[in-house]
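Visitor: Fold the following.
(one chain, ligands or ions: 1)
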Amino acid sequence: MSKFLKPETIAAQAGGSIDSETGAIIPPIHISTTFQRDADLGYSKGLIYSRPDNATVHQTESVITALEHGTHTLLFGSGMAAAVSLFLSLPKPAHIIAPKVMYWSLRNWLATEASTFGIEATFVDTTDTDLIARAVRPGETKLVWLETPANPLWQISDIAAIAAIANWAGADLAVDSTCATPVLSQPLKLGADIVMHSATKYLNGHTDVLAGSLTFADATSTLAEATTKLRAQHGNVLGPFEAAMLLRGLRTLHVRVAHQCRSADTIARALAEHTQVEEVLYPGLKNSPGHALAAKQMSGGFGGMLSVRVKGGELAAIATAARLNIWKRATSLGGVESLVEHRASIEGQGSPCPPDLLRLSVGLEATDDLIEDLDRALQGNN
Ligand code: PLP
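Guide: Take a look at the predicted model:
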């Protein structure tokens, strides 16, 4: 498929390849774990064993590579597996920089487990580029990790400026772009070296696949090669059935995300006017601290995620969530169904998340239905 095609065309046709054996438009799922050797013991087809080599996994990887403008993608069994594999592949000892506000479980791993693998993490407010410039240690810092917009406060970090700092310090920059999706932001084009997704979320989009991806700007970089080797050895690769489902989800990524952005924007504006709402956190709102930067580095919308701080504190927030009917109380995000989550109670001690905050993942339901449900639940606090 031509590399000049628009991303939505690449996604809708899942890379465009037609099965050469049958002419099938939808590719077969390759489940063989092993491949026949040639008579001279070679492997002329290039596939040996399915831990590193699976055609279904490779096809899904190639679509993500195209959408992210990278050269190489690795799919893993989850977003956590993808992220942790990257950290484990760094040359040790490794100093890394990570945001104070980021996906909670990964932050926890970095704060409590990573040191046993020779990784020292410094947590910085990555919305302040000067703080990163002061925290990097040239020669020692191996990786700067960003998440933008960052869960669950939706703060925005400046990818291009931070890429320049990382580059100067001799470190790689990796961006968790799960909530931005490749529809709204392409970090590799802004100078990042690696983009990561919990593909469990928007890339798959239907709350029925656990998967993670890493896409590298340079497939021949030391870190890309080390991570590829680590995945082949550790075997934390995505299975072919999940890869096929993910490929199906990717076909509708652009229409889903466009709708979710429009709907989230309307909901954010409606909630900002609501008498029972303290504050709405959404980078699309003009008064949001990250709005100008988000408008510069994202295109096509500000995402389908927002958070709302409910007047009356934690109990009022929990009571609001309890009254919702259409919004389902569940962790996770990026699916076709709208979810609400009281983040502070799931993150636990040390969470930077205010206790009166509800995180909203906007799905594909009618926006009016979602607003009515929220309004009724919030009015109950009167
Ligand atoms: N990054 C972000 C922003 C997430 O929201 C999540 C999961 O919620 C992850 C990474 C981890 O992904 P997974 O649950 O697929 O391991």
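Visitor: So what does the residue of the stretch 1-150 of the chain found nearest the ligand look like in phi/psi?
Guide: Across the stretch 1-150 of the chain, the shortest distance to the ligand (C-beta to the nearest ligand atom) belongs to residue 79, at 2.4 Å. Heads up, the C-betas are built off the backbone N, CA and C, glycines and all. For residue 79, the backbone dihedrals are phi -70, psi -40 (criterion: degrees, to the nearest 10).
Visitor: What sits closest to it if chain neighbours are left out?
Guide: residue 198 (2.8 Å; C-beta to C-beta, 6 or more residues apart in numbering).
Visitor: Likewise for residue 75?
Guide: residue 238 (4.1 Å).
Visitor: who's in contact with that neighbour?
Guide: 57, 60, 75, 76, 77, 211, 212, 246 (C-beta atoms under 8 Å, 6 or more residues apart in numbering).
Visitor: The same query, at a cut-off of 10 Å, please.
Guide: 54, 56-57, 60-61, 74-78, 81-82, 199, 209-213, 231, 244-246 (C-beta atoms under 10 Å, 6 or more residues apart in numbering).
Visitor: For the ligand, see how far away it is.
Guide: 11 Å (C-beta to the nearest ligand atom, to the nearest Å).
Visitor: Renumber starting at 7 from here on
Guide: Sounds good: first residue 7 from here, last item residue 244.
Visitor: Quick one, grab the pLDDT at that residue.
Guide: pLDDT for residue 244: 98.
Visitor: thinking again about what came up before, tell me which of the contacts of residue 244 fall in helices.
Guide: Here DSSP state H is the test, and these give 62, 63, 66, 67, 87, 88, 237, 250, 251, 252 as lying in helices.
Visitor: which phi and psi does the residue nearest to residue 81 have?
Guide: phi -70, psi 140.
Visitor: For residue 209, list the residues it contacts.
Guide: Applying C-beta under 10 Å, 6+ apart, the residues contacting residue 209 are 17, 66, 69-70, 73, 81, 85, 184, 187-188, 203, 215, 217-219, 252-253, 255-256, 259, 263, 340.
Visitor: ranges for the strands of the stretch 157-306 of the chain?
Guide: 178-182, 200-204, 218-222, 283-287 (DSSP state E, counting those that start in this stretch).
Visitor: Make a markdown table out of those strands and add mean neighbour count and distance to the ligand.
Guide: Listed next are those as a markdown table, based on neighbours: other C-beta atoms under 10 Å; distance: least, C-beta to the nearest ligand atom, whole Å:
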| stretch | mean neighbour count | distance to the ligand |
| --- | --- | --- |
| strand 178-182 | 27 | 5 |
| strand 200-204 | 30 | 3 |
| strand 218-222 | 29 | 5 |
| strand 283-287 | 20 | 15 |
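Visitor: Could you give the number of residues near residue 248?
Guide: Residue 248: 22 surrounding residues under other C-beta atoms under 10 Å.
Visitor: again, but for residue 331
Guide: Residue 331: 10 neighbours (other C-beta under 10 Å).
Visitor: Repeat that for residue 315.
Guide: 18.
Visitor: Given the host helix or strand of it, what are its sheet partners and their directions?
Guide: According to DSSP states H and E, residue 315 maps onto strand 311-316. Using DSSP bridges, strand 311-316 pairs in its sheet with strand 283-287 (antiparallel), strand 363-367 (antiparallel).
Visitor: can you list those in TSV and add mean pLDDT?
Guide: What follows is these, written out as TSV (pLDDT from 0 to 100):
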stretch	mean pLDDT
strand 283-287	98
strand 363-367	98
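Visitor: could the ones you listed be laid out in a markdown table, adding distance to residue 209?
Guide: Below are those laid out as a markdown table (distance: least, C-beta to C-beta, whole Å):
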| stretch | distance to residue 209 |
| --- | --- |
| strand 283-287 | 23 |
| strand 363-367 | 14 |
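Visitor: could the strands of the stretch 157-306 of the chain go into CSV alongside distance to residue 228?
Guide: Formatted as CSV, these follow (distance: least, C-beta to C-beta, whole Å):
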stretch, distance to residue 228
strand 178-182, 9
strand 200-204, 12
strand 218-222, 11
strand 283-287, 38
